[in-house]
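In: For reference, the sequence and a predicted model appear below.
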Amino acid sequence: MAEKKPGFFGRLFGKKDDPATDKAEEVAPEVVEDAPAIDAEAPIDEPIDAPVDQKSIVTEPEELTIVPEPEVSDVPPSQAAPASPAPPPVPTDVGVEEAPIVNAAADAEPPEPEPEPEPEPEPEPKKNWFQRLTSGLKKSSDQLTDNIAAVFTKKKLDDETLEQLEDVLIQADLGIDTAVEITERLAKDRFDKEISVDEIRQVLRDEVAKVLEPVAQPLMLDGGHSPHVILMVGVNGSGKTTTIGKLTAKLTAEGKKVVLAAGDTFRAAAVEQLQVWGERSNVEVITRPTGADASGLAFDAVTEAKAQGADVLIIDTAGRLQNRDELMAELEKIIRVIKKIDETAPHTTLLTLDATTGQNALNQVEIFGKRANVSGLVMTKLDGTARGGILVAIAKKYKLPVHFIGVGESIGDLEPFAAQDFAEAIAGASDVT
Ligand SMILES: Nc1nc2c(ncn2[C@@H]2O[C@H](COP(=O)(O)OP(=O)(O)OP(=O)(O)O)[C@@H](O)[C@H]2O)c(=O)[nH]1
C-alpha cells in the first residue's frame, strides 16, 4: 500500500500558523440578507451526517484524512434510539371511589416482566483508507474477475481466450489501449501455457499501476500566490461542491486560510450547500444573490481573498454539460475575468468526474480540458460503481494529473490518489503477489 501523503500542503506553504477563523460576519451583509433560507428538503442535507468537531480538524490533521465521519446511517431514527416503554394506560372512565387503588393492584395480573433491552449492535470496526477503497471498487473488481474467470474455462491461453479477455477488459472501461497491452503481455509471456485467474489479475494490476503511476500526483499549491486560486469545474452532480467541502477540511486542517466562492449563481440550493460545507470548516463563503453574474462573483472573490491574505480561494461553478456551448463559453468568461486580477490564475483548474458515468467521462475531459484548461482531475463516487476502470482509460489517453479520488459523501472520503492502491483494488489483487 502506497504511503499516504498528507502534509504536502504544509510542506509547500511552510508552517504558517494561521488557523481559519470564523469570517461569517465579513460576508457582505446585503448578500447574506438576500440569501434564501436553507430549505430543509434540499439535497445538501443528505451528506451532512454529523457536525464536525472543528478542534479535532485543527489539532489532529493526520486523523482527519484517515478516520471517516460515521457513515450515513441506514437505520431510521426510530430504530437508532429505542423508544421508552409506553406508560400504562390511565383509566379515565372510572371514578376514584369505584376504583380502590389497593384492590385494583391486588386483582391485577402480575406485571409483565420488563422486556430485555436489545443488545447494542457491535459497532462496525473502522475501515482504513485502503479497505474503504477496496470495498468501494469491489463492484468494479468483482465484475472484472468474474468475467475473466468465465473466459478461462480452458485454462490454456490461446488466441480465442486472449480475444475474449480483451473484450472483458474493454467492457470494464479500461480502454482499448490498456486492454491490448495487457493481452499482448500475456500472449508474449504465457501463450499456450496454463494460466490461473490470479495470475491474470496480477498482470492486470501491474499494467494498471503502470498506466496510473505517472498521473498520481499530489495537488501542488504554489505558496507564491496569495491566494492560490482553484477553479472547480464539471458536469452537473459530478461532486464539485462536495469535493470542495472535503478539500477545504483538509486545507484548514493544515492551517491554511481558505476562502470559498459560490460560483453557481443559478441555484440557491447550490449556494446553501457550499455554505454548509463552509460552516463545517469555519471558512468564509463569498456569495451573490441568485441570478447574479458568475464571472462578476469570481472577480469579487479573487479581489476579496487577496485583500484578506487568504492562502487558497476555491471557486465553485455551476454544473454544465460539456456539449452546451453557451455554458462552456460562460466558463471561459469566468477564467478571463479571474485573469484580470491575476493573470496566472486560476492556478489549478480541477475537473471532477463522476466515476459512474463511464465512457462519457472521456468526452468531459476532452472538452473541459480544451475550454477550461483543466490542470488536474478528481474522480468521485468510486464507491459502489462497476465502472471504476474508466480512470485507467482517462489516464492513458489524457495523462492529466489525478489529484484525489472520492469514495463516499462524508468529509473524510477524499484521499490523494495512489496508483498502486487503485490498481490493486480494481484488480481485486490485494491477496495475490
Ligand atoms: N457516493 C458518493 N457520492 C458522492 C461523492 N461525491 C459527491 N457525492 C454525492 O453526489 C451528489 C452531487 O454532489 P455535488 O457535490 O452536489 O455535485 P456538484 O457537482 O456540485 O453538483 P451541481 O452543483 O449540480 O453541479 C451529492 O449527493 C453528493 O453527496 C462520492 O465520492 N461518493
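Out: Yep, it's here. Residues are numbered from 1 along each chain as shown.
In: show me the residues around the residue of the chain found nearest the ligand that make contact.
Out: The chain approaches the ligand most closely through Gly319 (2.2 Å), counting by Cβ to the nearest ligand atom. All C-beta atoms are positioned from the backbone trio N, CA, C, and that covers glycine. Counting by Cβ atoms under 8 Å, 6 or more residues apart in numbering, Gly319 touches Gly234, Val235, Asn236, Gly237, Ser238, Lys240, Asp264.
In: Quick check: it vs Leu260, distance?
Out: 16 Å (Cβ to Cβ, to the nearest Å).
In: ok, now Asp293?
Out: Relative to Leu260, and taking Cβ to Cβ, Asp293 is found at 18 Å.
In: Compare those two and say which is more crowded by neighbours.
Out: Leu260 (30 against 14; other Cβ atoms under 10 Å).
In: which element is the more buried one on?
Out: In the assignment (DSSP states H and E), Leu260 maps to strand 258-263.
In: And stretch 131-141, what's buried?
Out: Neighbour-count burial for stretch 131-141, counted by 16 or more other Cβ atoms under 10 Å, picks out Arg132, Leu133, Thr134, Gly136, Leu137, Lys138, Lys139, Ser140, Ser141.
In: ditto for stretch 308-317
Out: For stretch 308-317, by 16+ other Cβ under 10 Å, it's Gln308, Ala310, Asp311, Val312, Leu313, Ile314, Ile315, Asp316, Thr317.
In: Stretch 188-196 too?
Out: So, applying 16+ other Cβ under 10 Å, buried residues of stretch 188-196: Arg190, Ile195.
In: avg pLDDT for that stretch?
Out: What stretch 188-196 shows for mean pLDDT is 86.
In: Residues in contact with it: which ones?
Out: Against stretch 188-196 from outside (Cβ under 8 Å, 6+ apart): Phe152, Lys155, Lys156, Leu157, Asp158, Leu162, Leu186, Glu199.
In: Only the buried subset of those, as a ChimeraX command please.
Out: Provided next is the ChimeraX selection string for whichever of the contacts of stretch 188-196 are buried by 16+ other Cβ under 10 Å:
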select :152,157,162,186,199
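In: tell me the two of the contacts of stretch 188-196 that are most distant?
Out: Asp158 and Glu199 (15.4 Å; Cβ to Cβ).
In: Could you identify the helix or strand that succeeds the helix or strand where Val180 lies?
Out: Element membership of Val180 [criterion: DSSP H and E] is helix 176-190. Later in the chain than helix 176-190, the nearest helix or strand by DSSP H and E is helix 197-212.
In: Show me what the next helix-or-strand element following that following helix is packed against.
Out: With elements assigned by DSSP H and E, the helix or strand that comes after helix 197-212 is strand 228-233. Here strand 228-233 touches helix 240-253, strand 312-317, helix 325-341, strand 348-354, helix 360-372, going by 3 or more Cβ pairs under 8 Å, 6 or more residues apart in numbering; DSSP states H and E.
In: and with 6 Å instead?
Out: For strand 228-233, the elements it packs on are strand 312-317, strand 348-354, judged by 3 or more Cβ pairs under 6 Å, 6 or more residues apart in numbering; DSSP states H and E.
In: Give me the contacts around the first one.
Out: What that stands for is strand 312-317. With contacts defined as Cβ atoms under 6 Å, 6 or more residues apart in numbering, strand 312-317 is touched by 227-233, 240-241, 244, 251, 256, 258-264, 274, 298, 305.
In: again, but for the longest one
Out: By Cβ under 6 Å, 6+ apart, the surrounding residues in contact with strand 348-354 are 230-234, 238-240, 243, 361, 368, 372-381.
In: buried ones in that strand?
Out: Thr348, Thr349, Leu350, Leu351, Thr352, Leu353, Asp354.
In: Make JSON lines from the contacts of Gly319 and add neighbour count, pLDDT and distance to the ligand to it.
Out: Listed next are these as JSON lines, based on neighbours: other Cβ atoms under 10 Å; pLDDT from 0 to 100; distance: Cβ to the nearest ligand atom, whole Å:
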{"residue": "Gly234", "neighbour count": "28", "pLDDT": "97", "distance to the ligand": "5"}
{"residue": "Val235", "neighbour count": "25", "pLDDT": "97", "distance to the ligand": "7"}
{"residue": "Asn236", "neighbour count": "13", "pLDDT": "95", "distance to the ligand": "4"}
{"residue": "Gly237", "neighbour count": "16", "pLDDT": "94", "distance to the ligand": "4"}
{"residue": "Ser238", "neighbour count": "25", "pLDDT": "96", "distance to the ligand": "4"}
{"residue": "Lys240", "neighbour count": "28", "pLDDT": "96", "distance to the ligand": "4"}
{"residue": "Asp264", "neighbour count": "25", "pLDDT": "91", "distance to the ligand": "5"}
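In: would you turn those into CSV with distance to Ile390?
Out: Output for the contacts of Gly319, formatted as CSV (distance: Cβ to Cβ, whole Å):
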residue, distance to Ile390
Gly234, 14
Val235, 14
Asn236, 18
Gly237, 16
Ser238, 13
Lys240, 18
Asp264, 25
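In: Among those, which one lies nearest to Leu221?
Out: For these, the nearest to Leu221 is Lys240 (18.5 Å; Cβ to Cβ).
In: dump the residue contacts of the closest one.
Out: Met232, Gly234, Asp316, Thr352.
In: wait, which of the residues you listed is closest to Glu326?
Out: Gly234 (17.1 Å).
In: excluding its backbone neighbours, what's nearest the closest one?
Out: Nearest-residue entry for Gly234: Thr352, 4.0 Å, with adjacent residues in sequence omitted and distances by Cβ to Cβ, 6 or more residues apart in numbering.
In: And the one you found, what's its pLDDT?
Out: 98.
In: Okay, and the beta partners of it?
Out: Residues in a beta bridge with Thr352, per DSSP bridges, are Val378.
In: Could you measure from it over to Glu181?
Out: Taking Cβ to Cβ, one finds Thr352 at 28 Å from Glu181.
In: Which residues of the stretch 301-433 of the chain lie near the ligand?
Out: By Cβ under 6 Å from any ligand atom, the residues of the stretch 301-433 of the chain that approach the ligand are Gly319, Thr380, Lys381, Asp383, Gly406, Val407, Gly408, Glu409, Asp413.
In: burial of the third one, as a residue count?
Out: So that's Lys381. Neighbours around Lys381, by other Cβ under 10 Å: 25.
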